[in-house]
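Peer 1: no sequence for this one, just the structure:
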């Protein structure tokens, strides 16, 4: 796990290019405090900051192929590296280390871009071929690991492509006059509380989409476009397989693979179904080696799940560390939290991620397993199950008469009350700066998918990617913590998708039917039978404290009024009418703008 950055130019790099890259490199230090590395030759330079997890002594990057032609830097973990290594050895390859990501180099020698089909893990990588001067950038299927892209020109006119694991690090090469905010991005944020990739807050700055690869060379630097190597719709159907048996084996294997490391491993334990299953399976495979971390709130309100998590940890026989979050500290730490986000995400759960990651780092445990993805992949939200059932039933008579032109699938997000309120808020604040239906037009479903998978695909490329994975990566890496997600293990998600393509309609069954049928016996009733509540802190008190602390940033001299895309008079007129949640979004965006303005250029 690490942070990666680099540059490819039309002409050989000059000293100023390398100076700029060194600044980007320094901005990623928190992602990899173990070691760093640099490769620079002709028109390319690749840099990385490493957080050592596998092969602590021998996995230094950049990594080179046997003939020295291919050079690799990678942020991530390849969970099937042991199986791949055996295949590569049998074919005559001689890896120079036990590093899991070195398998990418040798697979690429044998298979080219088809190597991506074999990788099971989370990753963003850059691979340079010295003979052809071709740079390949690749990102994992669901986007667990980020990769930002920025194209510009040198003073002599030579075009350049920059890439980095984080947005803020890339600000070192984007002068303040070019940091133009995107109205479309702000509208997305106000609607969804996050951004829909590949959109970023800045014009011209984008992300390599999940499941995509970009091949580029100095002579076609700006023409090359990302290409998809994986789509949910292309997963093969799985016929004649027992869904419960498959889910039982696949999740068990995922926890076995993700609990393996050359450093201590912990689990973020909330007291809910998903994280409890991960803890139970990991503890079974690694007895005496797993440490649980949980958060709670001052005064122990009803939503405080610490006691449930502590009882379950004791049942599993694993050490348990709890962190209590108080309102005053939440407000005081808010600027640091927003800076750690890198990209603005207005999810109140960010404070929980931040506290758990900080506690794990203090305890000397650099790897945490999480239950994130269980709700998204296994129907943990009532509204997604209802959306799938509504689409399967088709539009009703009144809907057809009222809007015969409307494609039925556009209703997937149109019925979500929070999104409707957010879209109305964005329209009030920004007026005609963005289309009124932007929040629907940008999230249209894949027509090749059946109803259940169409909804899941939407959730995966909006909420899961833009909110959950973005927050989890940035906040955990801000504390040099690698977060692993068994529910997003490639064999598990592709297998369950294949079963659904073959006719499994588990969205029509009870809450998390497949998970509980496969592993429910591992959980006590107080976990398996509880009503879902998610991360539920004392939201009212937290929002009131944060909004009070950020109020000045929303004034006529604040960063939001100065950003150029918000009318200060309209903002002032709307403020008294806004809900605490919408004030929170504005305050967070303004705080993020302050962090961006403070970045050196």
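Peer 2: Perfect, I can see it now. This is a predicted model, so every value here is computed, not measured.

Peer 1: where does the stretch 451-600 of the chain have low pLDDT?
Peer 2: The model of the stretch 451-600 of the chain has pLDDT under 70 over residues 532-535, 598-600.

Peer 1: Do a quick rundown of the strands in it.
Peer 2: All strands of the stretch 451-600 of the chain, identified by DSSP state E, counting those that start in this stretch, fall at 482-484.

Peer 1: With the stretch 301-450 of the chain instead?
Peer 2: 320-325, 367-369.

Peer 1: winner for burial among the ones you listed?
Peer 2: Highest mean neighbour count among the strands of the stretch 301-450 of the chain (mean count of other C-beta atoms under 10 Å): strand 367-369, with a mean of 26. For glycine as for every other residue, the C-beta is placed from the backbone atoms N, C-alpha and C.

Peer 1: Walk me through which strands it pairs with, and which way each runs.
Peer 2: Applying DSSP bridges, strand 367-369 is found paired with strand 265-268 (parallel), strand 482-484 (parallel).

Peer 1: would you list the strands of the stretch 301-450 of the chain in a markdown table and tack on distance to residue 270 and mean pLDDT?
Peer 2: Below are the strands of the stretch 301-450 of the chain laid out as a markdown table (distance: least, C-beta to C-beta, whole Å; pLDDT from 0 to 100):
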| stretch | distance to residue 270 | mean pLDDT |
| --- | --- | --- |
| strand 320-325 | 11 | 95 |
| strand 367-369 | 12 | 96 |
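
Peer 1: Distance to residue 415 for these - can I get that in a markdown table?
Peer 2: Output for the strands of the stretch 301-450 of the chain, formatted as a markdown table (distance: least, C-beta to C-beta, whole Å):
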| stretch | distance to residue 415 |
| --- | --- |
| strand 320-325 | 33 |
| strand 367-369 | 34 |
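
Peer 1: To residue 227, which of those lies closest?
Peer 2: With C-beta to C-beta as the criterion, residue 227 lies closest to strand 367-369 of the strands of the stretch 301-450 of the chain, at 32.0 Å.

Peer 1: what sits up against the closest one?
Peer 2: Contacts of strand 367-369 with the rest of the structure, by C-beta atoms under 8 Å, 6 or more residues apart in numbering, involve 53, 255, 258-259, 261, 263-268, 278-279, 282, 293, 356-357, 360, 476, 481-486.

Peer 1: Distance from it to the middle of the chain?
Peer 2: 15 Å (C-alpha atoms, centre = their mean, to the nearest Å).

Peer 1: Which one of the strands of the stretch 301-450 of the chain lies nearest to residue 178?
Peer 2: That would be strand 367-369 among the strands of the stretch 301-450 of the chain, by C-beta to C-beta, at 36.7 Å.

Peer 1: before we move on, back to that, out of the strands paired with strand 367-369, which is closest to residue 539?
Peer 2: Nearest to residue 539, of the strands paired with strand 367-369 and by C-beta to C-beta, is strand 265-268 at 19.7 Å.

Peer 1: Moving C-terminal from the closest one, which element do we reach first?
Peer 2: helix 273-285 (DSSP states H and E).

Peer 1: helix or strand right after that following helix?
Peer 2: Following helix 273-285 toward the C-terminus (DSSP H and E): strand 290-297.

Peer 1: List the neighbouring strands of that following strand plus their orientation.
Peer 2: Strand 290-297 has its sheet partners listed here by DSSP bridges as strand 265-268 (parallel), strand 320-325 (parallel).

Peer 1: among the ones you listed, which is nearest residue 453?
Peer 2: For residue 453, the closest of the strands paired with strand 290-297 is strand 265-268, at 27.8 Å, according to C-beta to C-beta.

Peer 1: What segments of the stretch 351-500 of the chain are helices?
Peer 2: Remark: helices assigned in the stretch 351-500 of the chain by DSSP state H, counting those that start in this stretch are 374-377, 382-393, 397-402, 411-414, 417-430, 438-441, 451-459, 470-478, 490-501.

Peer 1: pretty sure residue 105 is touching residue 127, no?
Peer 2: Yes: with contacts counted by C-beta atoms under 8 Å, residue 105 reaches residue 127, the gap being 7.1 Å.

Peer 1: Overlap in contacts, the two.
Peer 2: Among the neighbours of residue 105, those also in contact with residue 127 (C-beta under 8 Å, 6+ apart) are 70, 72.

Peer 1: okay, now the domains of this protein?
Peer 2: With domains defined by automatic domain parsing, the chain comprises 2-230, 234-378+469-528, 539-597.

Peer 1: Show me which of the strands paired with strand 367-369 has the highest average neighbour count.
Peer 2: Highest mean neighbour count among those (mean count of other C-beta under 10 Å): strand 265-268, a mean of 28.

Peer 1: Pull the number of nearby residues for residue 375.
Peer 2: 22 (other C-beta atoms under 10 Å).

Peer 1: Next one: it relative to residue 445, how far apart?
Peer 2: Look at residue 375 and residue 445: by C-beta to C-beta, to the nearest Å, they are 19 Å apart.

Peer 1: picking up where we left off before, out of the domains of the chain, which is closest to residue 452?
Peer 2: Residue 452 lies closest to domain 234-378+469-528 among the domains of the chain, at 4.4 Å (C-beta to C-beta).

Peer 1: quick one: contacts for the residue nearest to residue 588 when sequence neighbours are not counted?
Peer 2: Once flanking residues are discounted, residue 588 sits nearest to residue 346: 4.9 Å by C-beta to C-beta, 6 or more residues apart in numbering. Counting by C-beta under 8 Å, 6+ apart, residue 346 touches 189, 193-194, 584-585, 588-589.

Peer 1: ok, now residue 280?
Peer 2: For residue 280, the contact set (C-beta under 8 Å, 6+ apart) comprises 312, 316, 519, 522-523.

Peer 1: quick one: which of these sit in helices?
Peer 2: If you go by DSSP state H, the contacts of residue 280 have 312, 316, 519 in helices.

Peer 1: ok, so of those residues, who is nearest residue 138?
Peer 2: Checking those against residue 138 with C-beta to C-beta, the nearest one is residue 519 at 32.4 Å.

Peer 1: Measure how the longest helix along the chain sits relative to helix 417-430, angle-wise.
Peer 2: Secondary structure of the chain per DSSP H: the longest helix is helix 580-597. Angle, helix 580-597 to helix 417-430, by axes from the mean of the first three to the mean of the last three C-alpha atoms, to 10 degrees: 60 degrees.

Peer 1: Which of the strands of the stretch 301-450 of the chain sits closest to residue 439?
Peer 2: Nearest of the strands of the stretch 301-450 of the chain (C-beta to C-beta): strand 320-325, 31.3 Å.

Peer 1: excluding its backbone neighbours, what's nearest residue 279?
Peer 2: Excluding its sequence neighbours, the residue lying closest to residue 279 (C-beta to C-beta, 6+ apart) is residue 267, at 4.7 Å.

Peer 1: Looking at strand pairing, list the partners for that neighbour.
Peer 2: The partner list for residue 267 in beta bridges (DSSP bridges) reads residue 292, residue 369.

Peer 1: need the contact list for it.
Peer 2: Per C-beta under 8 Å, 6+ apart, neighbours of residue 267: 275, 278-279, 282, 290-293, 318, 368-370.

Peer 1: what about stretch 112-128, distance to the chain center?
Peer 2: Centroid separation for stretch 112-128 versus its chain: 17 Å, with C-alpha atoms, centre = their mean.

Peer 1: That one spans what distance, first to last residue?
Peer 2: Terminal residues of stretch 112-128 are spaced 12 Å apart (C-alpha to C-alpha, to the nearest Å).

Peer 1: what's the answer for stretch 27-35, then?
Peer 2: Stretch 27-35: ends 14 Å apart by C-alpha to C-alpha.

Peer 1: cool, and stretch 201-211?
Peer 2: 22 Å.
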